[in-house]
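Engineer: Fold the following, please.
(2 chains)
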Amino acid sequence: MRSWLRMGVAAMAITLAAGAARAADLTVWGLQAFNQAADDYIGQMVRDFGKANNISAEYVVVPANVINDRLAAAFQGNAPPDVFMQTSQRVQFYIGGGLTTPLDDVLADMRKVPGGILEKLLSPGQSGGVAHGLPLEADVSPMFARKDLLDEVGKKVPATWEEFREAAKAIQAKHPNISGFGMTISNSADAEGQIRQVMWAFGGKVMAEDGKTVVFNSPETRAAYQFVADMFLKDRIIPRAALTWDDSGNNIAYQTKRAAFVINPPSIYWWMRENDKELLANSLMIDIPKGPGPNGQVGNAISSWMWIVAKQTKRPDMAKAWLRYFYEPTRYAEVVNKVGGRWAPVFAELFTTMPLFRDTPAFANFKSLASEGFTDGYAGPPNVLSGRVADATILTKALQKVLVDGTSVADAVAWGQAQIEELAKQK
Amino acid sequence: MVTGRRSRAIAGVSIALGTAALLLWSLLPIYWIVVTSLKPEKEIYDYPPTLLPQAPTLAQYHTVLTRTRFPLFVGNSAMVALATTFMAVVIGILAAYAITRMRFPGRAMVARGIVAAYLLPPSLLFIPLFIVLQHLGLIDSLPGLVLAYLTFTVPFATWMLIGYIRTIPTDLDEAARIDGASRMQVLWKILVPVAAPGLTVVALFAFTQAWNEFLYALIYVYSDSVRTLTSGLVGMMMGDVFIWGQLMAASTIAIVPVLAIYLVAQRTMVEGLTAGGVK
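Structural biologist: Below is the predicted model:
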């Protein structure tokens, strides 16, 4: 018993000796960047910046799935980081809550970089024409396609959803153990993004240009939902298991060669490059096919991670100086390089000067994907309401009503419209 | 006679089948974790999946132990779990002794309050507790985490020990008191040695709770130097990229200490569980 006591006392003493962490002069929270090298590099940049400015600067890596809880606790405790990253879909919550510092002066400096920045990425961080969040990367979300399987069934790379459907059906008919389309239709974030992309391609939208009027219930949206329902219920080219996938479900389906097509950011590309060169050689990253009719369009989507400076920071100038340091083009290009293609740059010129993008055929259309894709809130700008709609996964729930509950498309979309209108009434 | 033998045989087979099913249910996930940790990354994604690694490798363990900060996270977890366990047991035994052996107003309410404190879900407590730790300057520190863990381990330890101490005859205390022992002497020299099996169980459960705790570890500590293994594991899930091989290798490593402690203390545990408040 005494030896146990001694061990306990020793453990307690060591723990307590570790002491409470002293807050740094500048604390920066960053989302985990998909590989250790990139996290380490940004961490080193923060420390170098601190040294150059004679302050203690700390970089904390936060996994994306816990950033909301951490920030909520930190803001409640009145101890937020000076600078933090957030996904573009959530930036408006912080702006709406009055928790951010305007960053127009930093943005003006970014625009001076030769070639400028991809302006389309800015809207999720803006409010009343003022920048409160600055994009630090472009997240494109193309379609991954198995070229070898397309060749086998004599189909070309699909440019329209009809072509896509025929190709997926033909592949699945020839290979019954391969699903034509690994579309996520569960309650995960991926599902909410993917149904949006199909809906946009068909000409549907959640909001009108004013960002306030809800226009979800339209013939175009209903056509998109009917199309997905037919792929799931009639053609059975979307696997039933997709109803329970998490965000890695479609990655796994493609990486295990059980899906001929999936929609996903380039994390799948990164995995194939590291682990399966054969699959990589047989894969293409293509545009989201164009929808039918006069309002049909290519359904590419873009989002980003954004830097935000907390309003409570005691060192706003130092926080902005850090952002300028981060966006210095040479330094910034190295960050993007470390992430290995998972992030596309926000500076247009880097697509042609960075060997990673200039010399990798798979990334050939990334610049157009990053410049022309739709952002959340389309046809309006991203705002608090568009963030709420995404958080509440209303589009996915409406789809599940059709796929699982047997509700008619018209009723499910009408239900979605009513739900979004309810959210719009909330303050 | 024949019917009796047949009934016994059927009962025996049923029990064996039931036990096998339960074992399969419990051990299959652990088997899968260990097997996956021994596969190269590409084989993990092979379809159909392989039940045994085709090309067994320790590469995932090598990566986890040499190219990540996981060993540091394990060390932090060990320190936090040991400190929490020690403090929970000491505070728990003092509180349990007071509640079971001393007479004071509100005693029953205190006992019920302890249960209520234990039943409060961490998801309700994490923001108020964050604010408390923030004011104490203990956010992002191991002592802060220990303090947070005491909010559920102390009520648990106290409640368990209340049940255990109640089974120890008060005659022992009274004899010692008549011989001139103080209350503290009665506690440390009479009750604690007698309650050793119960204390072991409580310590093991408290250790396991602190070792496995996830939410507070995720919210209250964030610097690499003070992260614990549960929050470290989350770092191996990067958005939609799960590094399954490393995740499984790290999980296997995380299981080992708790498993070793349980195996070593198995006999004492059974004794404590059957004699204490959970019998």
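
Engineer: Can you check the pLDDT for residue 26?
Structural biologist: Looking at chain A here, since you left the chain open. The model reports A:L26 with a pLDDT of 95.

Engineer: think we crossed wires, I meant chain B
Structural biologist: 92.

Engineer: Could you give the backbone dihedrals for it?
Structural biologist: phi -80, psi -40 (degrees, to the nearest 10).

Engineer: what number of residues lie near it?
Structural biologist: 9 (other CB atoms under 10 Å in any protein chain shown). (C-beta placed from N, C-alpha, C; glycine too.)

Engineer: Would you mind measuring from it to B:S37?
Structural biologist: 18 Å (CB to CB, to the nearest Å).

Engineer: Nearest to chain A within chain B, name that residue for me.
Structural biologist: In chain B, the residue that lies nearest chain A is B:F86 (2.9 Å; CB to the nearest CB).

Engineer: which stretch of helix or strand covers that residue?
Structural biologist: In this structure, B:F86 sits in helix B:70-101 according to DSSP states H and E.

Engineer: Distance from the helix or strand following that helix to the middle of the chain?
Structural biologist: Using DSSP H and E, the next helix or strand after helix B:70-101 towards the C-terminus is helix B:107-119. Distance, stretch centre to chain centre, for helix B:107-119: 21 Å (CA atoms, centre = their mean, to the nearest Å).

Engineer: Which residues outside helix B:107-119 are in contact with it?
Structural biologist: Outside helix B:107-119, the residues that touch it by CB atoms under 8 Å, 6 or more residues apart in numbering or on different chains are B:A95, B:I99, B:T151, B:F152, B:P155, B:F156, B:T158, B:W159, B:I162.

Engineer: where does chain A dip in pLDDT?
Structural biologist: A:1-23 (pLDDT under 70).

Engineer: And the strands in it?
Structural biologist: A:26-31, A:57-62, A:83-87, A:126-127, A:130-131, A:133-135, A:139-140, A:143-146, A:179-181, A:259-263, A:283-286, A:302-303, A:305-309 (DSSP state E).

Engineer: Residue ranges of each domain in chain B, please.
Structural biologist: According to automatic domain parsing, chain B comprises the domains B:2-61, B:68-275.

Engineer: out of the ones you listed, deepest packed?
Structural biologist: Mean neighbour counts were compared across the domains of chain B using mean count of other CB atoms under 10 Å in any protein chain shown; the top stretch is domain B:68-275, at a mean of 19.

Engineer: got any ranges where chain B has weak pLDDT?
Structural biologist: Using pLDDT under 70, the flagged stretches of chain B are B:1-2, B:269-279.

Engineer: go with 80
Structural biologist: Within chain B, the ranges that satisfy pLDDT under 80 run B:1-3, B:238-239, B:266-279.

Engineer: Report the separation between the spatially most central residue of it and B:T153.
Structural biologist: When CA atoms, centre = their mean is applied to chain B, the residue found nearest the centroid is B:T208 (1.3 Å). B:T208 sits 10 Å away from B:T153, going by CB to CB.

Engineer: just B:G75 next, same as before
Structural biologist: 20 Å.

Engineer: And A:D39, by the same measure?
Structural biologist: If you measure A:D39 against B:T153 using CB to CB, the figure is 32 Å.

Engineer: same thing with A:G204?
Structural biologist: 53 Å.

Engineer: ditto for B:G106
Structural biologist: Using CB to CB, we find B:G106 at a distance of 23 Å from B:T153.

Engineer: Then A:A390?
Structural biologist: 38 Å.

Engineer: next one: A:R273
Structural biologist: 46 Å.

Engineer: For B:L191, find the nearest of the strands of chain A.
Structural biologist: Shortest distance between B:L191 and the strands of chain A, using CB to CB, is found for strand A:57-62: 45.7 Å.

Engineer: What strands flank that closest one, and is each parallel or antiparallel?
Structural biologist: Strand pairing for strand A:57-62, using DSSP bridges, gives strand A:26-31 (parallel).

Engineer: chain center to the strand it pairs with, what's the gap?
Structural biologist: Chain-centre distance of strand A:26-31: 19 Å, with CA atoms, centre = their mean.

Engineer: Give me the distance between the nearest residue to A:D235 once chain neighbours are set aside and A:P158.
Structural biologist: The shortest distance from A:D235 to any non-neighbouring residue, by CB to CB, 6 or more residues apart in numbering or on different chains, is to A:K169 (5.4 Å). Counting by CB to CB, the gap from A:K169 to A:P158 is 11 Å.

Engineer: one step back: possible to save the strands of chain A as a markdown table with distance to B:A265 and mean neighbour count?
Structural biologist: Shown next, in a markdown table, are the strands of chain A (distance: least, CB to CB, whole Å; neighbours: other CB atoms under 10 Å in any protein chain shown):
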| stretch | distance to B:A265 | mean neighbour count |
| --- | --- | --- |
| strand A:26-31 | 41 | 24 |
| strand A:57-62 | 37 | 22 |
| strand A:83-87 | 44 | 25 |
| strand A:126-127 | 59 | 19 |
| strand A:130-131 | 59 | 18 |
| strand A:133-135 | 53 | 26 |
| strand A:139-140 | 50 | 24 |
| strand A:143-146 | 51 | 23 |
| strand A:179-181 | 49 | 26 |
| strand A:259-263 | 48 | 26 |
| strand A:283-286 | 52 | 19 |
| strand A:302-303 | 51 | 23 |
| strand A:305-309 | 47 | 25 |
